[in-house]
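Colleague: can't give you the sequence, but here's the structure:
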């Protein structure tokens with residue numbers, strides 16, 4: 001098993017609690033770091049993480065964190081031993097998505113952060129069942145901790161995000177694409193496309209999970225990542 005540190009990049013309006021199970025599981029065997037997403041654009045966030053990160057590391061990113069991970073891979077592929085992208089999309093924002101995001105920004109800045117978060121990640125993007133309410137409660141707790149200013153900054157970063165398809169097509173880094181079966185924000189078919197686009201990628205569908213698969217099915221996501229770590233690295 002490789003010895004490089006493991007970096008986690010949380011998704012939109014999430015913090016380390018998104019990866020609680022994975023952090024506990026892997027911290028007994030390697031250094032684990034959860035990096036904040038600092039900056040106003042995907043590019044600035046990637047630059048800030050690279051500046052604070054070890055010389056070489058394995059990388060796991062969820063949604064916004066996954067977009068930052070893609071940009072880090074484009075900028076410094078030699079520093080990344082392996083990359084896992086969870087519930088992501090490499091495509092830029094559509095005008096319709098950007099307009100809806102502007103409306104949510106107004107809501108967040110006028111005291112309706114809980115409401116817009118439930119619009120941002122609706123129940124339909126999560127797996128049905130008794131655990132859904134608990135996951136939504138955690139989403140609201142993490143969002144409250146970060147606040148409306150971070151909501152605005154991260155929303156604008158998503159609105160201006162670059163198309164990463166060319167960079168991913170050219171990568172030589174081994175990758176895993178992980179997606180919950182009920183994710184409607186970044187659906188499974190998009191991850192299958194990514195796995196076909198990237199030369200050394202594997203796709204893993206997480207059953208009974210949606211857009212927040214590390215929270216919804218933590219054991220399954222940890223198991224997928226453990227499989228990914230234990231496989232032999234590519235020879236350069």
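Modeller: Ah, there it is. These numbers come from a predicted model, not from an experiment.
Colleague: pull the number of nearby residues for residue 231.
Modeller: Applying other CB atoms under 10 Å, we find 13 other residues in the vicinity of residue 231. Bear in mind the C-beta positions are built from the backbone N, C-alpha and C, glycine included.
Colleague: before we move on, what about residue 55?
Modeller: Neighbour count of residue 55, defined by other CB under 10 Å: 8.
Colleague: ok, the closest residue to it other than its chain neighbours - contacts?
Modeller: Residue nearest to residue 55 in three dimensions, not counting chain neighbours: residue 79, with 6.5 Å by CB to CB, 6 or more residues apart in numbering. The neighbourhood of residue 79, defined by CB atoms under 8 Å, 6 or more residues apart in numbering, consists of 50, 53, 55, 56, 57, 72.
Colleague: okay, and the last one sits in which element?
Modeller: Just to be clear, that refers to residue 72. Residue 72 belongs to helix 64-75 when elements are defined using DSSP states H and E.
Colleague: and the helix or strand of the chain with the lowest mean pLDDT, which residues are buried?
Modeller: Every helix and strand in the chain was compared by mean pLDDT, DSSP states H and E; the lowest is helix 165-169, with a mean of 91. For helix 165-169, a neighbour-count test (16 or more other CB atoms under 10 Å) marks 165, 167, 168 as buried.
Colleague: just the buried residues of the contacts of residue 79.
Modeller: Buried by 16+ other CB under 10 Å: 50, 53, 57, 72, out of the contacts of residue 79.
Colleague: just name the closest of the residues you listed to residue 44, please.
Modeller: Nearest to residue 44 among the buried ones among the contacts of residue 79, counting by CB to CB, is residue 50 at 10.9 Å.
Colleague: tell me the first helix or strand C-terminal of the helix holding residue 72.
Modeller: Counting by DSSP H and E, what follows helix 64-75 is strand 80-86.
Colleague: other SSEs contacting that following strand?
Modeller: If you count contacts as 3 or more CB pairs under 8 Å, 6 or more residues apart in numbering; DSSP states H and E, strand 80-86 packs onto strand 57-62, helix 64-75, strand 174-180, helix 218-230.
Colleague: can you list contacts of whichever helix or strand comes after that strand?
Modeller: Toward the C-terminal end, the helix or strand that comes next after strand 80-86 (DSSP H and E) is helix 95-109. Residues from elsewhere that reach helix 95-109 (CB under 8 Å, 6+ apart): 93, 113, 115-116, 119-120, 148, 151-152, 155-156, 158-159.
Colleague: and the longest helix for this protein?
Modeller: helix 132-159 (DSSP state H).
Colleague: list the buried residues in that one.
Modeller: Residues 132, 135-136, 138-140, 142-143, 146, 148, 150-159 are the ones in helix 132-159 that count as buried (16+ other CB under 10 Å).
Colleague: about what we covered before: adding mean pLDDT and distance to residue 9, write the helices and strands packed on strand 80-86 out as a markdown table.
Modeller: Shown next, in a markdown table, are the helices and strands packed on strand 80-86 (pLDDT from 0 to 100; distance: least, CB to CB, whole Å):
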| stretch | mean pLDDT | distance to residue 9 |
| --- | --- | --- |
| strand 57-62 | 98 | 4 |
| helix 64-75 | 97 | 3 |
| strand 174-180 | 96 | 14 |
| helix 218-230 | 94 | 14 |
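Colleague: save the ones you listed as TSV, and put in distance to residue 5 too.
Modeller: Output for these, formatted as TSV (distance: least, CB to CB, whole Å):
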stretch	distance to residue 5
strand 57-62	5
helix 64-75	14
strand 174-180	17
helix 218-230	12
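Colleague: please consider this matter closed, and thank you.
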